[in-house]
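Participant: Below is the sequence, then the predicted model.
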Amino acid sequence: MAFPKKKLQGLVAATITPMTENGEINFSVIGQYVDYLVKEQGVKNIFVNGTTGEGLSLSISERRQVAEEWVTKGKDKLDQVVIHVGALSLKESQELAQHAAEIGADGIAVIAPFFLKPWTKDILINFLKEVAAAAPALPFYYYHIPALTGVKIRAEELLDGIQDKIPTFQGLKFSDTDLLDFGQCVDQNRQQQFAFLFGVDEQLLSALVMGATGAVGSTYNYLGKKTNQMLEAFERKDLSLALNYQFCIQRFINFVVKLGFGVSQTKAIMTLVSGIPMGPPRLPLQKASREFTDSAEAKLKSLDFLSFTDLKDGSLEASS
Ligand SMILES: CC(=O)N[C@H](C=O)[C@@H](O)[C@H](O)[C@H](O)CO
Ligand SMILES: CC(=O)C(=O)O
């Protein structure tokens, strides 16, 4: 299958879904958010309605509106907008896939259904195939995130012969630390032009060595610039400089992981760094504590990820 689109590569920010204090989606800041990613972080690809975007906590109608807003505001600014359309209901997933095609998204991604689960590779492929078929002109990415879905079918096994079943299959978003599995996905599919997108930001350098062609992650919202410097150093084969960048990023992620790090905390950090109010998360998530935000801010400053001048007025109120 020939796609006019160029291959998805480089950094892809997993977008946050901005919300108002009373839990509604705050569409009004998405335009600003696009500009921030492009101009301040050098990130021109986004992954919408995924884990970080609380995609599975939104209604289908909200997911459609969020996708539409990102595509509209990203037009002529972003390179690619990939919409995550995974859902427990195949029907809903197909509806979202079709909608992504209608609004002109650049690709769709799907996680494994995670309540009633597929137990074999063939069953999972059948599910993915039915979703992909609802958007036959869009590149399809499998989003492998076993720790959250509980579906542990190895990606390497899933990819074996996948294009025979899913002709639009274009790549993998791999959110797991098993570099044997990831490496074998790359190694066994060298003939294909697949995108191998790594999803564990703190280990990206190791995945680049294994052949990752890009990365999707939450931290690229605010550490995109730093991570791009790491990618450039890697590209120039300056491994010791690349490692310096990775360690610097790790110091921050390690610090927040110890405090308890997830989507809520990502929202608070992004509010702080960008000055764009991301708002609270939706239940079952709880808003990050003030202590968390204060500690994260101090750490960002000490690592030189944030200077006083970067702090926009109002960002503290918005994250408190
Ligand atoms: C579970 C999860 O949300 N993973 C994200 C993307 O896959 C990552 O971007 C992490 O947030 C990041 O690597 C920090 O641990
Ligand atoms: C991190 C990521 O890829 C997601 O939020 O789905």
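Facilitator: Received the coordinates, thanks. Ligands and ions are numbered 1, 2, ... in the order given.

Participant: For the rest of this, base every contact and every neighbour count on C-alpha atoms.
Facilitator: Will do.

Participant: now whichever helix or strand Leu172 is part of, how far from the chain's geometric center?
Facilitator: Counting by DSSP states H and E, the secondary-structure element that holds Leu172 is strand 169-174. Going by CA atoms, centre = their mean, to the nearest Å, the spacing between the C-alpha centre of strand 169-174 and its chain's C-alpha centre is 12 Å.

Participant: Show me what that strand is packed up against.
Facilitator: The criterion is 3 or more CA pairs under 8 Å, 6 or more residues apart in numbering; DSSP states H and E, and the helices and strands that strand 169-174 contacts are strand 140-144, strand 195-198.

Participant: Can you name the element that comes right after that strand?
Facilitator: Moving toward the C-terminus from strand 169-174, the next element (DSSP H and E) is helix 179-187.

Participant: So which elements touch that next one?
Facilitator: If contacts are counted by 3+ CA pairs under 8 Å, 6+ apart, helix 179-187 sits against helix 155-159, helix 204-209.

Participant: List the buried residues for the longest one?
Facilitator: The one in question is helix 204-209. 204-205, 207-208 (16 or more other CA atoms under 10 Å).

Participant: Packing partners of the helix or strand just after that helix?
Facilitator: Note on helix 204-209: by DSSP H and E, the next helix or strand toward the C-terminus is strand 214-217. Applying 3+ CA pairs under 8 Å, 6+ apart, one finds that strand 214-217 contacts strand 10-14, strand 195-198.

Participant: Just give me how far strand 214-217 sits from the chain centre.
Facilitator: Strand 214-217 has its C-alpha centroid displaced from the chain centroid by 6 Å (CA atoms, centre = their mean).

Participant: go on, stretch 141-158?
Facilitator: In terms of CA atoms, centre = their mean, the centre of stretch 141-158 is set 15 Å apart from its chain centre.

Participant: Contacts for that stretch, please.
Facilitator: Under the contact criterion CA atoms under 8 Å, 6 or more residues apart in numbering, stretch 141-158 has outside partners 107-114, 117-121, 125, 128, 169-176, 181-182, 184-185, 188.

Participant: ok, back up a step: want to try CSV for the helices and strands packed on helix 179-187, with distance to Asp79 and mean pLDDT as columns?
Facilitator: Conversion of those to CSV gives the following (distance: least, CA to CA, whole Å; pLDDT from 0 to 100):
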stretch, distance to Asp79, mean pLDDT
helix 155-159, 26, 98
helix 204-209, 21, 98
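
Participant: Out of those helices, which gets nearest to ligand 2?
Facilitator: For these, the distance to ligand 2 is smallest for helix 204-209, at 12.6 Å, taking CA to the nearest ligand atom.

Participant: Only the C-alpha atoms, please, for the closest one, written as CSV.
Facilitator: In CSV, the C-alpha atoms belonging to helix 204-209 read as follows (Å, rounded to 0.1, in the frame of the first residue of the first chain):
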residue,chain,number,x,y,z
LEU,A,204,15.3,6.6,24.6
LEU,A,205,19.0,6.6,24.0
SER,A,206,19.2,2.8,24.4
ALA,A,207,16.3,2.4,22.0
LEU,A,208,18.0,4.6,19.5
VAL,A,209,20.9,2.2,19.6
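
Participant: How far off centre is it?
Facilitator: Relative to the mean C-alpha coordinate of its chain, helix 204-209 is positioned 17 Å out (CA atoms, centre = their mean).

Participant: Can you work out which other helices and strands pack against it?
Facilitator: Packed against helix 204-209 by the contact rule (3+ CA pairs under 8 Å, 6+ apart) you find helix 179-187, helix 239-259.

Participant: Deepest-packed of these, please.
Facilitator: Stretch with highest mean neighbour count among the helices and strands packed on helix 204-209: helix 179-187 (a mean of 18; mean count of other CA atoms under 10 Å).

Participant: Ligand 1 contacts on the chain?
Facilitator: For the chain, the contact set with ligand 1 under CA under 6 Å from any ligand atom comprises 51-52, 175, 199-202, 217-219.

Participant: Among these, list the two that are farthest apart in space.
Facilitator: With distances taken as CA to CA, the most widely separated pair in the residues of the chain next to ligand 1 is Thr51 and Glu202, at 16.7 Å.

Participant: CA atoms of stretch 126-133 as CSV?
Facilitator: What follows is stretch 126-133, C-alpha atoms only, in CSV (Å, rounded to 0.1, in the frame of the first residue of the first chain):
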residue,chain,number,x,y,z
ASN,A,126,-8.2,-9.6,14.2
PHE,A,127,-9.3,-6.8,16.5
LEU,A,128,-6.7,-4.4,15.1
LYS,A,129,-7.5,-5.4,11.6
GLU,A,130,-11.2,-4.5,12.0
VAL,A,131,-10.3,-1.1,13.3
ALA,A,132,-7.7,-0.4,10.6
ALA,A,133,-10.2,-1.4,8.0
